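Enquirer: Here you go, sequence then predicted model.
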Amino acid sequence: MSKEELNPPPSYASLLQFDADPVIEDETMLPSLDTVVRPLYCYMYLSLIERAWTLMDTLSEEQQRFYLARAEQRYEKYVQRYTRGMPTPPLDVAFVWHTHCLSPLRYMEDLMKRNDVTRHMYNAYFPLDKIFSERHGASKETLKEWEKVFPDEPYTIDITALTDGSYTTSCYRCDGNITIPWAEYVPMRFGNMTTMFPHECKDSKQICLMDLARFKLERDLTGNGPAGPPVSGTQLKPNGTLKTKGNKLIPQIKPLQRVDNIQELDYAYERAIEEKLKKLGKSYEYDANELLYAIRTCYQSNPSSFSLDLIHAVFRQRKFYDSVKSIQWEMPENFSRAVRRYHDFLLMMKLDPQLVAVPTIEIDCAWHTHMLFSASYTQFGFKYLERAINHDDTIPETKLSEHAKATNNAWQKFPLRYRVRLPQKREDGMMVGVLVPIWSIFKGDYYAGKIVFKEQKAMELTKELNDQQTKVVEKESAAIKISVHSMNAPHAHSNLREKQEVSARKETAAHV
C-alpha cells in the first residue's frame, strides 16, 4: 500500500461519509466544551476512524492481523521517539494512538511512568486537525520530518509486503535484542503465545511471548519509580490522580522464578499473594486485590510495552464504528447535539457519582473526542467532577443493558432545562438567540451555542429542545441508539475471586 491508503479509488471514497470539508458558516453558532469538544473536532474524529475501518474492510482477516501487529510496533516507536514538533502520524499509527487514548487511565499510566519525553506526549494535543488536513496524502514537510525521525520505517505500510521483515523488541529481563520474522510473530501474537522462539535469556535458550509478558511483570515488580515499583494498574488512586505512595504489598512479593503453567500466570501470583496475606493481615487486602487485578489486566497475555493490549482494544472499537455508520450524520445538527448532550451527561455524572452511565452514540462521539486531548480531559474531570472519568468498553452485554436502564431512569430524574437569551431578529425575519442551560457547573468552559427559530415559536422550540434533552433513549431511534461503552463510577477492589471473574470476562471479550 502506498497512495491507495491515503487517496482511495472512487468506489472506496464513495463509502466515506466524513471525507469532505465540513461547511461551517458561523462557528459562534456551535457549542463547545473545554475548548476541544466541538462539532468540527467530532467530525474530524469520525473521519479518522472511518478511514481506518474502511481500509481494514478491504483486507482479509489475516491481513488485518498483520496490519495491526505492525501498527502497534510503529506506534510504540512513535512513543519512544516522541519529540516536540513530531510529524503528522500516518493512519495506522494515529488509529492505534487514538485507541490508547480511549482508555484514559491506562494511557496516563503508560506515558507518565516512562520518562519526561512521554510525559510531554501526554500533555500534547492529539493532532486531529493535521491528520484530517492530510487525509488525502501526507505533505512534503511531513514526509521529510518522518524520514528524519523514522529512517527505519516507511510512512505508510505496504499491504503487499506485510510479511516482509521482522518484529524487533528488547527483552524485559536481559535487555537483549529479540527478532522474530513477522510471518512467525503474528500467529503468536494472535493466539499461539506459547510457541517458542530462540532467545538466550533462560536456561532452555528459548522463550515464548507469554514468557515475555512475565518478564515485563518481573521488571516492574523490582523496578523503582516515584511511588515505588512501577507496576501498571497500581500507579493511580481510585479518582485517577497519581499516587504519592505505592502499593504496599508489592515490596513483599518476589517475582516467581517458576510458573508451571505459563498461561495461568495470574493464578500462580494469586496463590503467592494469598500466602502473604495470611501473615500480613487484612490491612493489605486492598493492595492485594489491586495488584492481582493489575497482573490479570495489564500483564497476562500482553507482551507489549503498554499496560493495554492495543490490538484487541482496536477490535473492540469496531462495534462503536458500526453504530456510528448506522446514523446519517448531518453537520452541524448531530454534532451540536452531541456536544450539548455530552455536557448534560457529565452533569448527570456529577449529580450521581455512583452511576455507571451508558452514553448514546452521539454522546459517545463527543466523549471520545474529549479523550483524545488527554491532559485537558483529565484536568477537566479533576476540576469539575473531582476525578478522572474512566472509559470501559469491556462490560458484558447483560450488564450493559442493566446500566442502560439505570441511565434512562437517571435522565428522567434529571430535568436539565435550557433557555434562549439575547434573541435578535435577522434580515430574513428569523430569530437567533444564545442557548443557555438554566443550571451548569462548567462555568466558562461550556458554551451551548446559538439556535435559529421563528419569533412566534420561541417558547415552543425551547420546550421541544428540553423534552429532547431529557427524553428516554428509545431502541427504535437510530440517532440515539445505546452505544457500547460506559462511564465508570469509582470503586474499591473487592475480593480476589470476583476480580478474577471480571478479568476473565474482559479477556474473553478481548479475544472474540
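Expert: It's in. Numbers count the residues shown, from 1 in each chain.
Enquirer: Helices of the stretch 101-250 of the chain, start to end?
Expert: 104-112, 116-123, 128-133, 140-149, 182-189, 209-221 (DSSP state H, counting those that start in this stretch).
Enquirer: confidence score at Gly85?
Expert: What the model reports as pLDDT for Gly85 is 87.
Enquirer: three-state assignment of it?
Expert: Following DSSP: H, G, I helix; E, B strand; the rest coil, the label given to Gly85 is coil.
Enquirer: For the helices of the stretch 101-250 of the chain, please prepare a markdown table with the additional fields distance to Gly444, mean neighbour count and mean pLDDT.
Expert: C-beta coordinates here come from the backbone N, C-alpha and C atoms, glycine included. As requested, the helices of the stretch 101-250 of the chain are exported to a markdown table (distance: least, C-beta to C-beta, whole Å; neighbours: other C-beta atoms under 10 Å; pLDDT from 0 to 100):
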| stretch | distance to Gly444 | mean neighbour count | mean pLDDT |
| --- | --- | --- | --- |
| helix 104-112 | 23 | 22 | 92 |
| helix 116-123 | 22 | 15 | 84 |
| helix 128-133 | 23 | 18 | 97 |
| helix 140-149 | 35 | 14 | 97 |
| helix 182-189 | 47 | 19 | 96 |
| helix 209-221 | 41 | 22 | 94 |
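Enquirer: Which among the ones you listed is found nearest to Ala404?
Expert: helix 104-112 (21.6 Å; C-beta to C-beta).
Enquirer: sorry, back to before: now the helices of the stretch 101-250 of the chain as CSV including distance to Asp19?
Expert: Below are these laid out as CSV (distance: least, C-beta to C-beta, whole Å):
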stretch, distance to Asp19
helix 104-112, 28
helix 116-123, 28
helix 128-133, 10
helix 140-149, 19
helix 182-189, 30
helix 209-221, 38
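Enquirer: can you tell which of those is closest to Tyr377?
Expert: Smallest distance to Tyr377 across these (C-beta to C-beta): 6.1 Å, for helix 104-112.
Enquirer: Gln424: neighbour count?
Expert: Neighbour count of Gln424, defined by other C-beta atoms under 10 Å: 10.
Enquirer: Contacts only, for it.
Expert: Contact analysis of Gln424 by C-beta atoms under 8 Å, 6 or more residues apart in numbering lists Met431, Val432, Gly433.
Enquirer: same check, this time on Phe95
Expert: Leu48, Ile49, Ala52, Ala71, Val314 are the contacts of Phe95 under C-beta under 8 Å, 6+ apart.
Enquirer: now swap in Thr83 and tell me
Expert: Applying C-beta under 8 Å, 6+ apart, we find Thr83 in contact with Val117, Val149.
Enquirer: Relative to Glu145, how far out is it?
Expert: Distance, Thr83 to Glu145, by C-beta to C-beta, to the nearest Å: 10 Å.
Enquirer: now swap in Ile361 and tell me
Expert: 36 Å.
Enquirer: try Ala375
Expert: According to C-beta to C-beta, Ala375 and Glu145 sit 23 Å apart.
Enquirer: With just CA atoms, put stretch 260-278 into PDB.
Expert: What follows is stretch 260-278, C-alpha atoms only, in PDB (Å, rounded to 0.1, in the frame of the first residue of the first chain):
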ATOM      1  CA  ASP A 260       4.300 -24.400  35.900                       C
ATOM      2  CA  ASN A 261       1.600 -23.300  33.500                       C
ATOM      3  CA  ILE A 262       2.600 -20.000  31.900                       C
ATOM      4  CA  GLN A 263      -0.900 -19.400  30.700                       C
ATOM      5  CA  GLU A 264      -2.000 -19.200  34.400                       C
ATOM      6  CA  LEU A 265       0.500 -16.600  35.500                       C
ATOM      7  CA  ASP A 266      -2.200 -14.700  37.400                       C
ATOM      8  CA  TYR A 267      -3.300 -17.800  39.400                       C
ATOM      9  CA  ALA A 268       0.300 -18.500  40.300                       C
ATOM     10  CA  TYR A 269       0.600 -15.000  41.700                       C
ATOM     11  CA  GLU A 270      -2.800 -15.300  43.400                       C
ATOM     12  CA  ARG A 271      -1.500 -18.200  45.400                       C
ATOM     13  CA  ALA A 272       1.600 -16.300  46.400                       C
ATOM     14  CA  ILE A 273      -0.400 -13.200  47.300                       C
ATOM     15  CA  GLU A 274      -2.900 -15.200  49.500                       C
ATOM     16  CA  GLU A 275       0.000 -16.800  51.300                       C
ATOM     17  CA  LYS A 276       1.400 -13.300  52.100                       C
ATOM     18  CA  LEU A 277      -2.000 -12.100  53.300                       C
ATOM     19  CA  LYS A 278      -2.100 -14.900  55.900                       C
END
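Enquirer: Any buried residues in that stretch, and which?
Expert: Ile262, Leu265, Asp266, Tyr267, Ala268, Tyr269, Glu270, Ala272, Ile273, Leu277 (16 or more other C-beta atoms under 10 Å).
Enquirer: likewise stretch 323-339?
Expert: 323-325, 327, 329, 331-332, 334-339.
Enquirer: Nearest residue to Glu218 in space, please, no chain neighbours.
Expert: Among residues not flanking Glu218 along the chain, Pro255 sits closest, at 4.0 Å (C-beta to C-beta, 6 or more residues apart in numbering).
Enquirer: no, scratch that, I was asking about His100
Expert: His100's closest residue in space is Tyr107 (C-beta to C-beta, 6+ apart), at 5.1 Å.
Enquirer: Neighbours of Leu422, how many?
Expert: For Leu422, the neighbour count with other C-beta under 10 Å is 9.
Enquirer: Can you tell me the element it falls in?
Expert: strand 418-425 (DSSP states H and E).
Enquirer: quick one: low-confidence parts of the stretch 1-150 of the chain?
Expert: Scanning the stretch 1-150 of the chain for pLDDT under 70 picks out the ranges 1-14.
Enquirer: try 50
Expert: Within the stretch 1-150 of the chain, the stretches with pLDDT under 50 are 1-11.
Enquirer: now the stretch 251-400 of the chain
Expert: For the stretch 251-400 of the chain (pLDDT under 50), the answer is none.
Enquirer: rerun at 70
Expert: Looking at the stretch 251-400 of the chain by pLDDT under 70, you get 394-396.
Enquirer: For stretch 274-286, measure first residue to last.
Expert: End-to-end distance of stretch 274-286 (C-alpha to C-alpha, to the nearest Å): 12 Å.
Enquirer: All the helices of the stretch 301-450 of the chain, in order from the start?
Expert: Using DSSP H, counting those that start in this stretch, the helices of the stretch 301-450 of the chain run over residues 310-316, 318-325, 333-351, 361-371, 374-385, 397-412.
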